[in-house]
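In: predicted structure and sequence below. I'll ask about it afterward.
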Amino acid sequence: MARYTGPKTKIARKFGEAIFGDDKNFEKRNYPPGQHGNNRRRGKKSEYAIQLAEKQKAKYTYGILERQFRNMFKRATASRGITGEVLLQLCESRLDNVVYRMGIAPTRSAARQLVSHRHILVNGEKVNIPSYQLKPGDTVAVREKSKSLETIENSLANASHVYEWITWDNAIKTGTFVSRPERIQIPENINEQFIVELYSK
């Protein structure tokens, strides 16, 4: 499946945020890309442009393609609750995202690769679908043969974030997806209301 493999700093500069995590290059040039840099005159953005940019930011942040994202929005619309909040909860419930949140991988793209290469177990079974939707109570573990992988060990050693909606036991490299996070528990700087307005047109 097609994935964006180009320069990530360029995308981060486009949105004015380090959406892919710590980025030294972004810190040096935290203004939009382009020949004229900061000197280019930029007119006021239209409402549509703001909404589109927010949707693109969410897609790049979670590494989701357009069709997949649209299907998630349809699912969120059909669910109970606030559509925008449910949409973000669905993004956060993806297996690749939870692997990243647990600290098993340093980035979401690295988490996607670990899942695709069958290093991750869900409820004791191998799952190699990054978009797999976890349900509250599901356990996520590193496969026995993969526990000594340097990438995983380095990532876990540097992991510092703690999330209330997941648990992690470093001794046995197993965690639990306790519940879907509330909006206040999702740290991403995304205005989901703009995405709802864009798709509702």
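Out: Great, that's in hand.
In: contacting residues for residue 152?
Out: Residue 152 sits next to 104, 105, 114, 119, 142, 146, 173 when contact means Cβ atoms under 8 Å, 6 or more residues apart in numbering. (Each C-beta comes from the backbone N, C-alpha and C, glycine too.)
In: rerun at 10 Å
Out: Contacts for residue 152 were tallied using Cβ atoms under 10 Å, 6 or more residues apart in numbering; they are 99, 103, 104, 105, 106, 110, 114, 119, 120, 142, 146, 173.
In: next, work out how far apart the residue lying closest to the last one once chain neighbours are set aside and residue 180 are.
Out: Think residue 173. Nearest residue to residue 173 in three dimensions, chain neighbours excluded: residue 142, at 4.2 Å (Cβ to Cβ, 6 or more residues apart in numbering). According to Cβ to Cβ, to the nearest Å, residue 142 and residue 180 sit 23 Å apart.
In: among these two, which residue is more densely surrounded?
Out: The neighbour count for residue 142 versus residue 180, taken as other Cβ atoms under 10 Å, is higher for residue 142 (23 against 19).
In: just checking, that one touches residue 122?
Out: No - Residue 142 is beyond contact range of residue 122, at 11.5 Å (criterion: Cβ atoms under 10 Å).
In: thanks a lot, catch you later.
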